[in-house]
Every structure is written in C-alpha cells, then in structure tokens.
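1. Provided below for reference: sequence and predicted model.
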Amino acid sequence: MALDSNQYEEEEYSATLSGAALLRLLRLTLNYRGYLAGYVVGVIGMVLAEGTHIYLGKRILDEGVLAGDLGEVKYLLWLWAGVAVALAGCVALFIFCAGSVGQAMNYDLRKTMFGRLQELSLAYYDRTPVGWIMARATSDSRRVSELVSFGFLDMFWGMMSILVFLGFMAAISWQLALVMLAVVPVMVGSALLFQRHILGHWRDVRRLNSRITGNYAESIHGVRVTKSLGREDSNLAEFAELATGMYRSSFRAAWLSAAFLPVVQVLAAVAVALIIQVGGLQFRTGVITLGGIQAFIQYIFWMLFPIQEMARVYAQLQQAVASAERIFSLIDSLPEVQDQPGAMEEHSLRGAIEFDAVDFAYEPDNPILQGFNLRVEEGETIALVGPTGAGKSTVVNLLCRFYEPQRGSIRINGQDLRGMTLHALHSRIGMVLQSPYLFSGSVMDNLRYGRLDATDAEVWYAAELAGAADFIDAFEDGYATDVGEGGSLLSAGQKQLISLARAILARPDIFIMDEATSSVDTMTEARIQQGMEQLLETTTSFVIAHRLSTIRNADRILVIKDGGIAEMGSHQELIRAGGYYHDLYRRQFRDEKSRTADPFFGSRLVHA
Amino acid sequence: MMAFLTGALRRQDLDLHVVRARRRVRSCWRFVHGYRSLYLAAVLLLALAALARSSFAWVIRTFTDDVLLPGNYDRIPLMGLYFLSLAAAAGLLTFLGGRLAAQTAEGVTRRLRVFLYDHLQHLPFAYHDRMQTGDLIQRSSSDVEEIRRLFAEHLVGLGRIVSISGMAFFAMWQLSPRLALVSAIVIPISVSVSFGFWSYLARIYDLFQDQEARLSSLLQENIYGARVVRAFAREQYEIAKFERENAILLNRGRNVVRFHNVFWPSMDLILASQMVGSTLFGAWMAIDGQISTGTYVAFTGLLGMMVGPVRHLGRIFAFITQSLVSYDRVLAIINEDREPLDTGLVDMPQELAGDIRFEDVSFVYPEGTQDLPGESTLPGVLHGISFHAEPGQVLAILGPTGSGKTSMMNLLPRFYTYTGGRILLDGRELTEYPRRQLRRNIGVVQQEPFLFSRSIRENITYGTFRKVSEVEIVAAAEAANIHESILAMPRGYDTVVGEQGVTLSGGQRQRVAIARTILKDPRILILDDATSAVDTSTEKAIREALRNLMRNRTTFVIAHRISSIASADRILVLDQGRIVQTGTHEELVAQAGTYRDVFRLQTSIEAELQADIQSTLEAHPA
C-alpha cells in the first residue's frame, strides 16, 4: 500500500510565524534539559576552542616565526593539538546531545499523537483524510525534530561564534573590535533580510510544485480517457505552460539564492579591507602585531559560516513551526465521545435496548435521524433495510456510541449509554462490517483480536461457526498464513468470514452485522446461518443486509427512511403492506435469482 | 502549433529520447544536451571565483612582506583596494556561476518534466496496465525532484569543493611546491576515510528508513482500522504494538546519531594533525629563511581553505549516489517505447461511414500485464472473432465477466493491437490509419467514467478540438439529460469537479461523459457496460441520454442484461474469447443455446417471484 502522504505535505504559503506555537515548541524542548545542558556546554566549548586555535595561530606567527624561535612554535603547536582534541570532544558531545534530543522528540511526538489518535472518536476520522494524519506523524514530526535538534543548535552556535570571536578580537585590539562591532550587525541583518526575500520566492515554487504533482497524478490516473479522446497535445500544451511557470519561479528563486553567499562574502571583504586599513595604521604605531592582523582576518572569515547557517535555520524555522502548529492541532483535538465522570464499567449488556427520541446528523444541516424511537427486546434479531444513506448504519453506530446523538437518549437495560465507559460498551458488542479491516499478521493474530486470551480450540470453534475454517485449513500454512497489509492477500469474502469469526470469538452480548456477508457465496452463506442460529437466538442482534434469506429470518424488519422508521413488521406483514419493502423484495429477488441461476454468473462464479 | 513553447525551449529541444542508452554515464551526458556549454561556463566561472579567492593569499603576502614589514605604510590603502577588488570579482564570479548552474538545473528539469509528462501519455495501455499508478506518480514527482537536486545542489557542491581545494593547492604550489605537497597528504586520507564512513552510514540509514516505513504502515493500518480498534476496545493493545516499533525506530535513529558522533570528531582530528604538521613545517621553513614571513602568513590562510571542504566529499557522493538511483527509475520510464499516434499509410476519410469488419481476429495480452481494466478475472484472450457491423447499426455483445468483451472493444481504437486476423474499417485495415485520427472517430462511454478536476464545462468540451459555443454545450448537456442537474450545482457549469465538496453521483458522472461524447461526435460508439445504471432513479435518464447519443452512429453495446440489448440489430454472445452465437433477439430466442438459457432464466425469475409473493400473502399472518 503506497503511502499517500505526499499530497498532504502542505506548506504555509503565508510568511506569518506563529509565536504561540514557537513558544510551545520551546517549552517542549525544555523537557530534554539534560541533553540541552550537554549541548550548550559542547557548543560553547567548541566555539572557545575554535577561537583559541586562531589565537594560537597569532602567537605562532608573532612569538615563533617572527621571533625565529622554533621551540616556541613546537610548544604552541602542542597546545594547539591539545585544544584540537578538546574540540573533537566537544563536537562529539554536541552531536550526541542534539541528535538525542531530535530522536527523543520525534519519538515522543509520535507516541503522543498515536495515543491521542486512539482516543479520538470516529467522527474525527470521518472528516480528516488519512493522508493528513500520516503527514503529521511522519514529515511534520521529522521537521520539528530537526529544528529542535540541529536547527536550534546551529542558531545557538552561530550566535555564540559571533560573540566569542568578537571577544577574542577585543582581546587582541579593542579598537579594531569596535570596527567589527559596527560591521557585524549589518552583515547579519542584511543576510536575514535577504533570506526572507528569497523565502517568499521558494514558497511560490513549492506551491507550483504541488500543482505539478497534482497534474501528473491526474494525467496518469486518466491516461485511458486522454487516449480515447485524443487529448495528448492539448494536455501537453497546458502542462508545458505550467512547467514553464515553474521554471521561471524556481530559476528566479535559485539565482537569488546564488546571490546570497557572494553578498555576505563581499560584506565580509569590506570588513577585511577595513581591518587592513586600520590594522595597518595600528601596526605602524605598534598597537597590533602582524599575527594580530592575521588573526583578525581569520576571525572574520570564520564568522561567515555562522551567518550563513543562521540564515538557513531562519528558513527552516518557518516551515517547522507551521509543522508544529499542525501537530499541536492533532494533539489538541478532543474526542467528541468521552467517558463521563462516574461512568460505570458494566459487565453485561443484556436486556432491552431503547432509542428514545434520538436526533442525529453527521453534518449540522443534513439530519439523518429525527425523533427516532425503537425498542428491541433481549434476544431479538432485527433486520434493518432502506436506501443508501438513510441511516441504517447510523442506528448501529449510535448503539456502539461511535457517535453521540444530538438529542434523545439510548438505553440498554434501562441504563443510559453515557453512564457506562466506552471500554465496557465496546468489549460487550460484536460488530462485523461489510469491508472489514484486517491487520497485517497471521490469520490467528486477526482472529485473536476478538479475545486476546482465547485458546486455540476456541479460535477454531469460532472459525468453524463462521464458515471460515474450511478455507483457512486449505491454506498451506493454515492459521499461520500471513494476511498481508490490511488483509490484502485474502479475498473480500475471506476477510468477511474472518471478521465474523473474530466477532463471534469476542462472545458479545449484542451482535451487529453490517452487510457482513455480502461477498460470500450462497452455499457458505447458508452454512453460516446454520452455525450462527444458536448465537443469534440468544443474542440481541442487528443485521443490515441485502440478502433476502437473512432478512426473512429476522424477528422484525425495520425500513429506515427519511430519518425514521418507515415500515416495521415481519416479512409477511410488510409484503402485505405493499410499500417500500415490497418493492425492495421484488428487486432483490430478481437480482439474487439471476446471480445464482444465471449461467453467466452461476457457472463461472469465482467463489469469494 | 507548438507556440506554447516560449523562449529557448523548442520542440526538438524537448526530445529526450536520446538519453536512452545502456550506459548510465552516456545517458547522463546526453541528458544535459543543449546545456553543456552553459554548465561548462558555470563550472569555469566557479573555478575562476575560487582562483580569485585563492589570490587573497597573494595580497596577504605582499601586505606582509612588502608593506608592513619594510614599513611602506603609504601602500596600505592600495592593499585594501586589491583585496576589495578580488573579493568583488570572486563574489561576482560565484554569483554568475551559480546563476548559470541554476539555469542549467532548472532548464534540464523543465525539459525532463515536460518530456516525461508527454511520454507517459504516449505509452501504450499495456504499460499502464503493468505499472502501479502510485509508483509512476512517485517517479515523476519525487524522483524528478531528486534529479533536479543532483544538478542544482550536489554537482555544484562537488564542483565547489574540488575547485576551492584545487585552487588553494595551486596557489600553495606557487608559494612553495614542497609546502603544498606536504599539506596535501591529508586529502587522500580524509577522502577515503570519508567514503568508508558514508558507505557504512548508507547501511545503517537504510535500516532506519525501513523501520520508519514499518511504523508508517502500522499507523496507516491503525487509522484505516480505527473502527475495528474501537469495536473491540483494543486501544491499549494498539498503543503497546505501536510503542514496540516506535522504540525500535528510536534505537535505529540513535545508531545514526552515533555514527555522526564518531565521524565528525574523527575527521576533525585527522585534519587537525595535518594542520599541526603543515604549520610546523611552514614555520620551520620560515625561520630557516626558505620562505618569507609573508609566504608563511599566506600559507596558513590557504591551508584551511584546502583541507576544510574535503571532509564534505563523502556526504556529497552519498547524495549523488542517491540521485542516480532516482535517475535510473526515471530512465526506466523513458526507455519504454511510445505508441506512435500519427504514423499510418492513409488519412481517414472526411466522411467516415463506420463500416466495421472483424476477420478471424485473435488477441493475446502482452506478457506481464495485470489488473486488466474491466476484465478482473481471466486474462482476456480472443480467438477467431469474425463479424460485420454496417454503418449505423447497433451491435450488442453479451457474455460473462472475463469472456473478452472489453478486450475485443479495446482493439477498435487500437488501445491494444490484435495479434492475428484483420479488422477493417470502411474496407481498409485498421493499422493503416493513424491512431490519433482513428480515436477521434470512436467514442467510449463507461459505467464509471473518469472526469478531470476542472469545471463541468471543460469536462464536457474535453474531447473537442474546436471552439465550442455555449449553445452547443447546453445542447449536449440537455441531450445527455444532465443540464438540469448542472444548473442545480453551486456554480453551474463552472462547478469544479471534486472541489468544494462537490461530488457527482455515478449517474451524473456518466451523463457528463455522455455529453462529452455527444460533443466529440464520433462515428463509432462503444458503450462499455454503460446501460446497467448505478441507481434506479437515474436509470431512465441515462437510457434516454444514451438513445440520443446512439442516433446515426455505429454502436457497440456491452451488457449482461437481456433487457438492455434486445432491440439491437445484432447480438454477439461471447464466451471464453469466442463468439458462440450471433443473430437478432428473435433469432437467438428461437434457437437452443446460451442466449435462450439466459433469456428463459430471466423470464422464469419473474414467474417465480409472483409465486413467492402470492404464497406469502396467502399464508396466515404470523
């Protein structure tokens, strides 16, 4: 299964930076105080070592070479080597600390997000695309971690470098250091301003880039239509225009970026020229040595890199903070359905089920159920029929409390659903869906999902009841067969049977089958009905189905239409009434008969 | 015709067929054709910039030896000026080189994007059947971006390192060849150490990425299976499962950190030992009088410039290797052959009659084809198919899934080429006509047609290559029975499909496709399962729309319901790739065979239903 996260790699196209998100991010970073302390020590040590190296270079020139003292040169080089070892140690320390902060942050963000996702209600998943969530947990999380580790580090390192080098310069000649103090803010300021200008152009490029990707995607998906309509040339013309726009934008952004480094370098050269000028005069009066001038020039060159890095982090910062904002929005989402204070951990859901004047809508202006009333006795089997989107699945979703009704209440054995914990409710309801989801792993793992402590014999028995045992035994690896990602190695019918067995294994008090066996062939279907007869007899069940045999066997049939119950009664009563059910029955009858008896379908039906 | 190609980009510049080569080096070399002199100029400029920066050493030496030490202080301003001019030159050259490099990188990328786009839409059906859509999208977006980076960043970075180190070495050589040689010892050492490290990193980074992918699919499964997790109250179990994999990822991430933890300090120590050795050697030469003080000062400046950048080489090579993998993946697409659209022996006549004759046609799918469109169960193979459709006739094709109905119809627009026999259109073999002209005369309507994410209006005119008036569009929409529905949409004909939550129902999509085909006005029409309506409420509207569309066209109707084909001029019954029966409804009902079985069955079901309802009504109420 390809990850479709690319399309949700959204960018902030505006240049605004959320201060609140940045602050929260900084607070989060403070969780890793130990590492942070290590990385501050490492960076300061490293910067001091670099400054010292240049300073030692000055002394080698002045006190060794100019003085003609090779012994002094050797002594100073020993010092230099010692500092180099310390420098390497500091580098190791800060890489370790920054890297660890990044990994830990990434780990913690993923953990927090995953935990939150387990709490969120299904309504959240309905309105949030899978790709969006995936992008938060992958690219956004990575981007944020990179910022708090090496991004913040480089920023800190950059500032420390400039400060420390200025300090060393002042030690050599405070007059020259004053000159630099005037120049450095200009360099840093113009670098950041310039960077900001470039950023705007890169945002354009990213926007165009996502359009290009979208265009590719559509063109590949629709290639057969393009061919049959002969649209190749017009499509190419349109795309070439888009690509040319992209070329212009990215070229502009790229050459502006190419100008960045030279501009900073020329500014640095101006500083060096100033040092040559002023330093030369000072040399004349003996205020500064030759080595001092050399060291100054080196300090200036060494400042270039920090400035460059700070500009880079600045660019990274905007994107990462936008990522953090999206991550926070996920973490801060509140589940619509939550356990209420004092909710009971019920151990049985036996008893009558009542829907009392329930109103429900997924979207505010599109009501599904209005004033819905229903009473189901313990052990009854209810068939729900009706047009697509009328609310059959909604009724069972509400019973599972996947969603909360806007008005009215639902009671089991007189106890309001809101008075029990979600865990208690869900562990006593067995649900089988039309497109059941299996998790990658073995058949056994998936069956056990219903009850983690079930014995092998119990699992086999459940599979037997669900009519799944035969095909599982036929697999070479039997119950150890890998089902593939999302169950992709199994057919739709096989998945349905496994999901049925999984639910049977859970020994629920209430059983719900939502088109549970739609992809199963007729013979198997009949066997399942036999196997489940006893279960359905004693368990309150809701069955949403098209298949007539399933519907006819129900104790009561409900036609859900226009927000409520349009017809209710036994099969005979409803046929006699001659309403919606009557029509549905006729249509379905034709369909099923032709499907089972039609030589086209019957003879070569590929059994699911 | 190609007026859209503005500026330097002309059609012949667009062609990237030349990059098809067995050897990657040759392919890459051809890939930059048209940009070679530009790229060469960029490299030269960057090298000159490096030379200018190395010349700082010369200024420093002169400043030390000829100005400061002898006390020629009046020449100080001149030194500053020298320095500034060199810096300005270096800056300008760097900028110009960077700009040319950017022009090359963006230029070759645009050419690649456009060529690839065109190439993909010219690759035959068989290719698209074989490839996963997601994979193709991935290659044309991420991999192309990776190739852009190769030219915009990695190669430029490589050039920068080589030219700076090289020029610094050259400048040092001018100062003192011995000093230069002694100082260069570290270069081969650090390059090989860096290579070793980075190939090791590639391995542990792969492990990290594998685990990252594992975690992603785990998360994806959890999201898709959210309902199951809730239904079985397995949240804690899922969290524990995720936690295990998350911890493994953390560990592997730490391994990557550990690598950097060893690599960079080691590199620093290697370079530091070179610095110590060279400085000692240089100082000794200066004290010994073999070189001047100025030379020593200049040398110390050049030393860092020469050895510093080298440690990044390993990383850049790792990036380049990665980009070349992307290059190969894109090249694999380019290496596929296009299907020619415009080659043919004759032009299509202006007034095509639409007379079609299949003579003993057989067809086998090319190897490696999977997931055939419309044929989900059996590989569609056709044997000895012969029939004749006269202009304006309606031919129905009945048969079970996998019998070859769609495969047979795919031969007509030459989406696939038949492997035996002949197909004649107006008396000439299909292969004599150019594909483009052929396809313009054939319209295909499917049950679930593909619409593009543009306005309804653009979707309707999508297959038309002339200016279409508003009146014509509305007329087509009316004939397709979709006009009213369009007007009811938020922005009418300007409603963009798939945007602002506008989702068209299956029936609506189908009728937009019918309107599209009406405007295209083909002589030959293929209705692929278009008659079995998606929902009963729109069935009537679609039937009517189709009747309007079929008027005066040679039409092929693929169906598996007798009711939708009984009125056809002729019916072909297909089974396992062969025509088993042919005739009109009346003829076929009169003879024993599959058709009559199906017909009888569908009639008997009605009787059965009546009986069933009757018995239910007569039974005692429960």
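-> Yep, it's here.

2. so which residues of the stretch 451-600 of chain A form strands?
-> Along the stretch 451-600 of chain A, the segments classed as strands by DSSP state E, counting those that start in this stretch run A:510-514, A:540-544, A:556-561, A:564-569.

3. for those, give me TSV that also has distance to chain B, mean neighbour count and mean pLDDT.
-> For every residue, glycine as well, the C-beta is placed using N, CA and C. Listed next are these as TSV, based on distance: least, CB to the nearest CB, whole Å; neighbours: other CB atoms under 10 Å in any protein chain shown; pLDDT from 0 to 100:
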stretch	distance to chain B	mean neighbour count	mean pLDDT
strand A:510-514	9	24	89
strand A:540-544	13	25	90
strand A:556-561	11	22	89
strand A:564-569	9	18	87
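
4. select, out of those strands, the one closest to A:Glu377.
-> Proximity to A:Glu377 (CB to CB) singles out strand A:540-544 among these, at 7.7 Å.

5. strands paired with that closest one, and their directions?
-> When pairing is defined by DSSP bridges, strand A:540-544 lines up against strand A:381-385 (parallel), strand A:510-514 (parallel).

6. just to revisit the earlier point, can you lay out the strands of the stretch 451-600 of chain A as CSV showing distance to B:Arg23?
-> Shown next, in CSV, are the strands of the stretch 451-600 of chain A (distance: least, CB to CB, whole Å):
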stretch, distance to B:Arg23
strand A:510-514, 58
strand A:540-544, 62
strand A:556-561, 67
strand A:564-569, 72
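
7. to which secondary structure element is A:Gln370 assigned?
-> Element membership of A:Gln370, judged by DSSP states H and E, is strand A:366-376.

8. please look at B:Gly294 and B:Asp65 and confirm they touch.
-> Yes: between B:Gly294 and B:Asp65 a contact is recorded at 3.3 Å, counting by CB atoms under 8 Å.

9. go ahead and confirm A:Met159 touches A:Glu309.
-> No: using CB under 8 Å, A:Met159 is not in contact with A:Glu309, being 10.3 Å away.

10. how far does stretch A:463-482 sit from the chain's center?
-> 34 Å (CA atoms, centre = their mean, to the nearest Å).

11. with stretch B:270-289 instead?
-> What separates the centre of stretch B:270-289 from the centre of its chain is 55 Å, taken as CA atoms, centre = their mean.

12. returning to what we had before: the strand holding A:Gln370: partners in the sheet, and parallel or antiparallel?
-> strand A:353-363 (antiparallel).

13. show me which residues of the stretch 401-550 of chain B sit near chain A.
-> Within the stretch 401-550 of chain B, the positions near chain A by CB under 8 Å from any CB of the partner chain are B:401-402, B:413, B:415, B:436, B:439-440, B:442-444, B:449-450, B:452-453, B:462-463, B:465, B:516, B:520, B:536.

14. let's see that with 7 Å instead.
-> B:413, B:415, B:436, B:439-440, B:444, B:450, B:452-453, B:462-463, B:520 (CB under 7 Å from any CB of the partner chain).

15. so which of A:Met159 and A:Glu309 has more stuff around it?
-> Between A:Met159 and A:Glu309, counted using other CB atoms under 10 Å in any protein chain shown, A:Glu309 has the larger neighbour count: 18 against 15.

16. tell me if I'm right that A:Ala361 and A:Pro367 touch.
-> Yes: counting by CB atoms under 7 Å, A:Ala361 touches A:Pro367, with 4.4 Å between them.

17. how about A:Cys400: what's its closest non-neighbour residue?
-> Leaving aside its sequence neighbours, A:Cys400 sits nearest to A:Ile429 (CB to CB, 6 or more residues apart in numbering or on different chains; 5.7 Å).

18. quick one: residues contacting that neighbour.
-> Each residue near A:Ile429 by CB atoms under 7 Å, 6 or more residues apart in numbering or on different chains is listed here: A:349, A:400, A:508, A:510, A:512, B:231.

19. B:Met489 - how many residues pack around it?
-> B:Met489 has 17 neighbouring residues, counting by other CB under 10 Å.

20. which SS class is it?
-> Secondary structure, DSSP: H, G, I helix; E, B strand; the rest coil: B:Met489 is coil.

21. against chain A, how distant is it?
-> B:Met489 sits 17 Å away from chain A, going by CB to the nearest CB, to the nearest Å.

22. now do the helices in the stretch 401-550 of chain A.
-> A:422-428, A:443-448, A:456-465, A:469-474, A:492-505, A:522-538, A:548-552 (DSSP state H, counting those that start in this stretch).

23. list the buried residues in the last one.
-> Neighbour-count burial for helix A:548-552, counted by 16 or more other CB atoms under 10 Å in any protein chain shown, picks out A:548, A:550-551.

24. repeat for the fifth one
-> Across helix A:492-505, burial judged by 16+ other CB under 10 Å covers A:493-505.

25. helices or strands up against that helix?
-> When contacts are defined as 3 or more CB pairs under 7 Å, 6 or more residues apart in numbering or on different chains; DSSP states H and E, helix A:492-505 packs onto strand A:429-432, helix A:443-448, helix A:456-465.

26. tell me which other helices or strands the longest helix along chain B touches.
-> Ranked by residue count, the top helix of chain B under DSSP state H comes out as helix B:235-287. Helices and strands touching helix B:235-287, by 3+ CB pairs under 7 Å, 6+ apart, are helix A:70-119, helix B:177-183, helix B:186-224, helix B:293-307.

27. returning to that earlier point: B:Gly294 and B:Asp65: which has the busier surroundings?
-> Neighbours around B:Gly294 and B:Asp65, counted as other CB under 10 Å, are more numerous at B:Gly294. The numbers are 24 against 17.

28. show the pLDDT at the more buried one.
-> B:Gly294 carries a pLDDT score of 91 in this model.

29. hang on, the earlier thing: by how many degrees do the longest helix of chain B and helix A:70-119 diverge?
-> Helix B:235-287 runs at 170 degrees relative to helix A:70-119, counting by axes from the mean of the first three to the mean of the last three CA atoms, to 10 degrees.

30. next structured bit after the lowest-mean-pLDDT helix or strand in chain B?
-> Least confident helix or strand, chain B: helix B:11-14 with a mean of 62, by mean pLDDT, DSSP states H and E. Counting by DSSP H and E, the next helix or strand C-terminal to helix B:11-14 is helix B:24-31.

31. that following helix: how far from the chain's middle?
-> On CA atoms, centre = their mean, the centre of helix B:24-31 falls 20 Å from that of its chain.

32. sorry, back to before: gap between the longest helix of chain B and the chain center?
-> That offset, for helix B:235-287, works out to 37 Å (CA atoms, centre = their mean).

33. helix or strand: which one has the residue sitting nearest the centre point of chain A?
-> The residue lying closest to the centre of chain A (CA atoms, centre = their mean) is A:Met134, at 2.6 Å. With elements taken from DSSP H and E, the one containing A:Met134 is helix A:130-135.

34. phi, psi of B:Asp612?
-> Per-residue torsions, B:Asp612: phi -60, psi -50 (degrees, to the nearest 10).

35. how many other residues sit next to the residue nearest to it when sequence neighbours are not counted?
-> Closest residue in space to B:Asp612, ignoring its immediate chain neighbours: A:Phe589 at 6.8 Å, by CB to CB, 6+ apart. Per other CB under 10 Å, the neighbour tally for A:Phe589 reads 17.

36. against A:Asp555, how distant is A:Glu537?
-> Distance of A:Glu537 to A:Asp555, computed by CB to CB, to the nearest Å: 10 Å.

37. so, low pLDDT: which residues of chain B?
-> B:1-13, B:367-380, B:401, B:499-503, B:531-539, B:560, B:620-622 (pLDDT under 70).
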